[in-house]
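Colleague: Whatever this is, show me its structure:
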Amino acid sequence: MTSHDRPTTDAFAESPPAAAAHTDSSADPAAGAGTAGADADGKAVTEAALFEAFGGVRGMVETVLPGLLFVTIFTVNKDLHVSAIAALAVSLVLAAVRLVRRDTIKHAFGGVFGVAFGVVFAMMTGNAKDFYLPGMLYTLGLALAYMVTTVAGVPLIGLILGPVFKENLSWRTRNPGRKKAYAKASWAWGLILFAKCAILFPLYWWADTAQLGWVLIALKIPPFLLAVYLTWVFLAKAPPPIDVFAEMEAAEKAEQEAKERAKRGPAVDGLVQGAAPGAADAGASGPSKDGPRHRR
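Modeller: Residues are numbered from 1 along each chain as shown. Next up is the predicted model:
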């Protein structure tokens, strides 16, 4: 089976769907309508894939709610233990609801582990602000990962979204336009998260726990939505993904058909060879079309 992560044509040639999208449709209104419809379908698919990858509205709620509960309770009674236990409890409830409904649990369990690390860290140091420190360090590490992987030629957002679009890593060598879009999106994520860290880390030293908590809650959703929107913009303008799963299925089907033809080949040849002598005998013994010949 051929590799699905190597160039099949010139590295800067467009894939057939992208080339078709760039043809002049002014002469054919039907073609123009088809192109517009394909563009709309591509944007809808991109939007749905991003929604699935990042958890949608429910994923955002599961990310925000534990931290919001922690800072609300701490603002009211200044009790680290009660605030931490409440935040951990609500994250566990959200994960349990996911399990009961048999939904995707990665976002809920990500929240559980994040809250658990924050609770343990704050309990160990006795400083309520340390509840937020593991998440802040994770955000900083993620920002650096987006930028470093982009410089290395393997944008992190492409590694995340490749399986979602069923293209795996084919964009690296077979779809340069899509690789460029992933690079732009990764830079956007990295810079947005880095700007968020530039706001939060000074507050960690200068502000109190409640102030830091409310600023952090305020910065949860808007930067995330901005990064997702920019990702959608970049990918909506990029060439369509190469469905490597469909390619593998087609290759396996072709291989199976070739094996079946190879099995049928000897049997068909034998039938043809067995029928040939009989036909020759019939031709030799049968009368000619001109009738019997008489000797003179």
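Colleague: hey, where'd the helices end up in the stretch 1-150 of the chain?
Modeller: Assigned by DSSP state H, counting those that start in this stretch, the stretch 1-150 of the chain shows helices spanning 16-21, 29-54, 56-77, 80-101, 106-125, 133-151.
Colleague: residues in contact with the fifth one?
Modeller: Right, helix 106-125. Contacts to helix 106-125, defined as CB atoms under 8 Å, 6 or more residues apart in numbering, come from residues 55, 58-59, 62-63, 66-67, 80-81, 84-85, 87-88, 91-92, 94-95, 97-98, 128-135, 138. Backbone N, C-alpha and C define where each C-beta goes, glycine included.
Colleague: repeat that for 7 Å
Modeller: Helix 106-125 is contacted from outside by 55, 59, 62-63, 66, 80, 84, 87-88, 91-92, 94-95, 98, 128, 130-135, using CB atoms under 7 Å, 6 or more residues apart in numbering.
Colleague: among the helices of the stretch 1-150 of the chain, which is nearest residue 220?
Modeller: The closest of these to residue 220 is helix 56-77. By CB to CB, the value is 5.1 Å.
Colleague: Using PDB, list the CA coordinates for the closest one.
Modeller: Listed next in PDB are the C-alpha coordinates belonging to helix 56-77 (Å, rounded to 0.1, in the frame of the first residue of the first chain):
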ATOM      1  CA  GLY A  56     -18.400  23.700  21.700                       C
ATOM      2  CA  VAL A  57     -20.600  25.600  24.200                       C
ATOM      3  CA  ARG A  58     -20.700  22.700  26.600                       C
ATOM      4  CA  GLY A  59     -17.000  22.300  26.600                       C
ATOM      5  CA  MET A  60     -16.600  26.000  27.400                       C
ATOM      6  CA  VAL A  61     -19.100  25.700  30.300                       C
ATOM      7  CA  GLU A  62     -17.200  22.800  31.700                       C
ATOM      8  CA  THR A  63     -13.900  24.700  31.500                       C
ATOM      9  CA  VAL A  64     -15.200  27.900  33.100                       C
ATOM     10  CA  LEU A  65     -17.600  26.600  35.800                       C
ATOM     11  CA  PRO A  66     -15.200  25.100  38.400                       C
ATOM     12  CA  GLY A  67     -13.000  28.200  38.400                       C
ATOM     13  CA  LEU A  68     -16.000  30.500  38.500                       C
ATOM     14  CA  LEU A  69     -17.300  28.600  41.500                       C
ATOM     15  CA  PHE A  70     -13.900  28.800  43.300                       C
ATOM     16  CA  VAL A  71     -13.500  32.500  42.900                       C
ATOM     17  CA  THR A  72     -17.100  33.200  43.800                       C
ATOM     18  CA  ILE A  73     -17.000  31.300  47.100                       C
ATOM     19  CA  PHE A  74     -13.500  32.600  48.000                       C
ATOM     20  CA  THR A  75     -14.700  36.200  47.300                       C
ATOM     21  CA  VAL A  76     -17.500  35.700  49.800                       C
ATOM     22  CA  ASN A  77     -15.900  33.800  52.700                       C
END
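Colleague: Good, we can wrap up now.
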